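A.B. asks: Just to be clear, the model below is a prediction. Sequence and coordinates:
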Amino acid sequence: MIVVSDTSPINYLILLDIIDVLPELYETVIVPPEVMRELTAKKTPAVVREWIATPPDWLEARLNTGLIIDDRIDPGECAAIALAIELKPDYFAVDDANARIIAREHNLEIVGTVGIIERAYQAGLLELKPTLDALLQTNFRISEHIIQQVIDRNP
C-alpha cells in the first residue's frame, strides 16, 4: 500500500512520536521535494528537522512530473497533489481544507492526521484518546466535534 503525503501529517506524527505507524499502515510513503524542504525549514520544529535529516527507508522523495497551481494552497500542497495524481496511491495524506477540496476534485482518496491516528488505533498500534489529546496540545487545528466523532466511533 502506498500513500503520498503532504507536510502536515508527517509533521504532527513526528511531534506526537508516533511516526512509525505510517509504515505499519501504509508500507511506503512518498513525498515531493517541496515537502522535504518544508520539513527541513528553519520554522519547522527541531524534532521534525532532526527526524527528517536521516529519513527511514519507507519514506521516499520523488519528483512529480505534473504541475498543479492553485493560489488556495501552498507550493508543497500543490506538488503533493500533482504527485498523487501521477502515482495514483492508495491514499493522499493531507490536512489542509482547501487542499482536501482540490484533491477530491482529482478523485484522490484522502486521509488526514486524525484519520491516520484512528486507523493506527484500530490496528492496535496506539491508544486513541491520549493520542488525540496530545494532538490537541499542538497547534493542530480541528473542531472538538470531529475529535468527539472519532472517539464515539471507536469505543
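C.D. replies: Yep, that arrived. Numbers count the residues shown, from 1 in each chain.

A.B. asks: Quickly note the distance from residue 104 to residue 81.
C.D. replies: 10 Å (CB to CB, to the nearest Å). Just so you know, the C-beta spots here come from the backbone N, C-alpha and C atoms, and that holds for glycine as well.

A.B. asks: buried sites along the longest helix seen in the chain?
C.D. replies: The longest helix of the chain (DSSP state H) is helix 75-87. Buried residues in helix 75-87, defined by neighbour count with 16 or more other CB atoms under 10 Å: 76-85, 87.

A.B. asks: quick one: the helices in this protein?
C.D. replies: For the chain, the helices defined by DSSP H cover 7-15, 21-26, 33-40, 46-53, 75-87, 97-105, 113-122, 128-136, 144-153.

A.B. asks: for those, which one sits closest to residue 1?
C.D. replies: Closest approach to residue 1 among those is made by helix 21-26 (5.0 Å; CB to CB).

A.B. asks: Show me what that closest one is packed up against.
C.D. replies: Helices and strands touching helix 21-26, by 3 or more CB pairs under 8 Å, 6 or more residues apart in numbering; DSSP states H and E, are strand 2-5, helix 7-15, helix 113-122.

A.B. asks: I'd like the ones you listed laid out as JSON lines, including mean neighbour count, mean pLDDT and distance to residue 92.
C.D. replies: What follows is the helices and strands packed on helix 21-26, written out as JSON lines (neighbours: other CB atoms under 10 Å; pLDDT from 0 to 100; distance: least, CB to CB, whole Å):
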{"stretch": "strand 2-5", "mean neighbour count": "24", "mean pLDDT": "96", "distance to residue 92": "5"}
{"stretch": "helix 7-15", "mean neighbour count": "23", "mean pLDDT": "98", "distance to residue 92": "10"}
{"stretch": "helix 113-122", "mean neighbour count": "20", "mean pLDDT": "98", "distance to residue 92": "11"}
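
A.B. asks: can you redo those as CSV with distance to residue 64?
C.D. replies: Below are these laid out as CSV (distance: least, CB to CB, whole Å):
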stretch, distance to residue 64
strand 2-5, 9
helix 7-15, 15
helix 113-122, 22
